[in-house]
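>>> This is a predicted model, with the sequence first.
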Amino acid sequence: MQAKITVTETWLRKHRYLYDGATRHPFIRSIRDGNIDISAFKTWLGQDYIFVRAFVPFVASILTKAYKGSDDGNGDVEVILGGVAALHDEISWFKKEAFKWGVQLSSIVPQKANQEYCRFLESLISPEVEYTVAAVAFWAIETIYQESFAHCLEDDSKTPPELKETCQRWGNESFGEYCNSLRNIVDRQLEKASDDVVTKAEATLLRVLEHEVDFWNMSHGRT
Ligand SMILES: Cc1ncc(CNC=O)c(N)n1
């Protein structure tokens with residue numbers, strides 16, 4: 001039997017070009033090809049630490065929305081809670097990694113693309129933003145990192161050994177499974193959402209893709 005085509009599948013087909021731009025960015029390609037400029041990597045590390053700090057309240061707001069959505073017989077709250085727990089570990093990892101590379105986290109100033117991305121996350125925290133819309137952003141944000149870094153771990157990649165751990169952080173299989181769980185949550189929500197919410201959610205996905213590209217550009221020193 002042919003499985004039903006999900007909404008996320010339709011979107012990924014329709015927006016393939018933009019999606020590949022986010023997951024196969026020159027910054028990621030340069031890690032994969034082994035010619036990454038270490039100063040670009042350090043810029044990314046410092047800026048991403050700031051982003052992840054802003055990401056925590058955003059994920060917490062999704063947790064609240066999932067809980068309030070009340071018909072959580074599907075375990076959405078547990079999946080999202082797992083994401084919150086992973087972020088706790090991730091913040092410690094950023095501190096350790098920054099120390100290793102001599103990046104002073106306390107003196108990092110967020111760059112424009114980062115500020116705009118964080119502001120976008122904050123706008124999604126509002127209780128007026130539907131669970132479905134915010135969850136689509138969450139799924140996309142996590143999945144872009146998963147696909148990008150998994151690409152750097154493929155057999156034919158030349159990722160420098162000292163960057164493998166970073167790539168593992170998001171490119172590992174269990175993070176991939178977590179992204180799949182998020183995708184299932186999102187598709188289940190979209191299936192029962194109004195046309196208006198589906199339209200808003202698609203526009204939100206596109207904005208995430210653009211912000212991710214701008215974020216990589218910033219790290220790459222292209223802005
Ligand atoms: C800019 C950006 N996008 C996605 C992620 C992955 N989510 C949490 O770590 C991230 N760290 N940074």
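Yep, that arrived.

>>> what does the protein have sitting close to the ligand?
Contact residues, the chain versus the ligand (CB under 6 Å from any ligand atom): 48, 51, 52, 55, 90, 141, 142, 145, 212, 215. (Each C-beta comes from the backbone N, C-alpha and C, glycine too.)

>>> Could I get the contacting residues of the closest residue to the ligand within the chain?
Of all residues in the chain, residue 145 sits closest to the ligand, at 3.7 Å by CB to the nearest ligand atom. If you count contacts by CB atoms under 8 Å, 6 or more residues apart in numbering, residue 145 has them with residue 170.

>>> do you know how far it is from residue 191?
26 Å (CB to CB, to the nearest Å).

>>> same deal with residue 206?
Separation of residue 206 from residue 191 (CB to CB): 20 Å.

>>> quick one: secondary structure of the residue most central in space within the chain?
In the chain, the residue lying closest to the centroid (CA atoms, centre = their mean) is residue 141, at 2.3 Å. Under DSSP: H, G, I helix; E, B strand; the rest coil, residue 141 falls in the helix class.

>>> what about the residue lying closest to it once chain neighbours are set aside, how many residues close to it?
Once flanking residues are discounted, residue 141 sits nearest to residue 208: 5.8 Å by CB to CB, 6 or more residues apart in numbering. Residue 208 has 23 neighbouring residues, counting by other CB atoms under 10 Å.

>>> what about the helices in this structure?
Using DSSP state H, the helices of the chain run over 7-14, 16-23, 26-32, 38-68, 76-101, 112-125, 131-151, 161-171, 173-192, 195-219.

>>> hang on, the earlier thing: and the residues of the chain next to the ligand as a markdown table, adding pLDDT and distance to residue 167?
Listed next are these as a markdown table, based on pLDDT from 0 to 100; distance: CB to CB, whole Å:
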| residue | pLDDT | distance to residue 167 |
| --- | --- | --- |
| 48 | 98 | 13 |
| 51 | 98 | 17 |
| 52 | 98 | 16 |
| 55 | 98 | 19 |
| 90 | 98 | 14 |
| 141 | 98 | 17 |
| 142 | 98 | 15 |
| 145 | 98 | 10 |
| 212 | 98 | 16 |
| 215 | 98 | 17 |
